[in-house]
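Student: Sequence and predicted structure are below.
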Amino acid sequence: MHGPDPMNPHPMPGFPRVCFLKPVITRSNIEVGEYTYYDDPDEPERFEDKNVLYHYDFTGDRLVIGKYCALATGVRFIMNGANHAMDGVTTFPFQIFGEGWETGFDPASLASGYRGDTVVGHDVWIGTQAVILPGVTIGHGAIIGSHSVVTKDVPPYAIVAGNPAEVRKMRFDEPTVAALLDIAWWDWPADKVTRNVTALRSGDVSALRAAR
């Protein structure tokens, strides 16, 4: 055995609240890596509908989540479609209601407020009810505290918390972070991961460097 099947939506028999996301994602503008899971007692399979908000095709932005990420209940990704134009007298979005209110509206007029794709690296843990705002990049190995609001990029292996989220500490020193990014264990084949699970859990970087 080399771990669970990454294309099995429910890899833990008896625990339907845990869902591997890759096999249940249907939208072309959302990409999720293998083994990344979402934990929710209420239909975790509907992650892209319930947890990825304001993600409209006309905005052109993408949500990319890496491999081996752990997403706790209620995590939400706010995408660029949530933005309202702020250069007019009002921010009220007349155009979405139609009935003549859409007259003269150009979707491209909103583009100046777009912040680009939202990217979550590999091996990221995002706590309960955390909110990720548009255009943020979260580095590999980062931890996002529960109820945090992430408004800016998060460095690899940083622990952030708060509203707005700020770096509280680094998980490892700079040489260790550099070594882990170089090792990139998340790109190993499943059999190699299985052989080295003990080293991965222990934080033994030298063992990971020597892994076969």
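Tutor: Alright, I've got the coordinates. Since we're looking at a predicted model, the values are computed, not measured. Numbering: from 1, shown residues only.

Student: From here on, just use CA atoms for contacts and neighbour counts.
Tutor: Noted.

Student: Can you pull the domain assignment for the protein?
Tutor: 18-171, 173-212 (automatic domain parsing).

Student: Would you mind measuring the gap between the ends of the first one?
Tutor: By C-alpha to C-alpha, to the nearest Å, the extent of domain 18-171 from end to end equals 26 Å.

Student: Surely residue 34 and residue 68 touch.
Tutor: Yes. Counting by C-alpha atoms under 8 Å, residue 34 does reach residue 68; the two are 6.6 Å apart.

Student: tell me, what's touching those two both at once?
Tutor: With contacts defined as C-alpha atoms under 8 Å, 6 or more residues apart in numbering, no residue is adjacent to both residue 34 and residue 68.

Student: For residue 93, grab the count of nearby residues.
Tutor: Neighbours of residue 93 under the rule other C-alpha atoms under 10 Å: 13.

Student: out of everything not next to it in sequence, what's closest to it?
Tutor: Counting by C-alpha to C-alpha, 6 or more residues apart in numbering, residue 93 lies nearest to residue 84, which is 6.8 Å off, once chain neighbours are set aside.

Student: gap between stretch 48-55 and the chain center?
Tutor: With C-alpha atoms, centre = their mean, to the nearest Å as the basis, stretch 48-55 stands 12 Å off its chain's centre.

Student: And stretch 70-88, by the same measure?
Tutor: For stretch 70-88, the distance to the chain centre is 12 Å (C-alpha atoms, centre = their mean).

Student: Going forward, the N-terminal residue is numbered 24.
Tutor: Yep, numbering from 24; the last one is stretch 93-111 now.

Student: Could you list the buried residues of it?
Tutor: Buried residues in stretch 93-111, defined by neighbour count with 16 or more other C-alpha atoms under 10 Å: 93-104, 106, 108.

Student: Output the longest helix belonging to this structure.
Tutor: Criterion DSSP state H: the longest helix present in the chain is helix 197-206.

Student: Tell me the helix or strand right after that one.
Tutor: Following helix 197-206 in sequence order, the next helix or strand is helix 213-218 (DSSP states H and E).

Student: counting contacts, what elements does that following helix pack onto?
Tutor: The criterion is 3 or more C-alpha pairs under 8 Å, 6 or more residues apart in numbering; DSSP states H and E, and there are no helices or strands that helix 213-218 contacts.

Student: Nice, that's everything, thank you.
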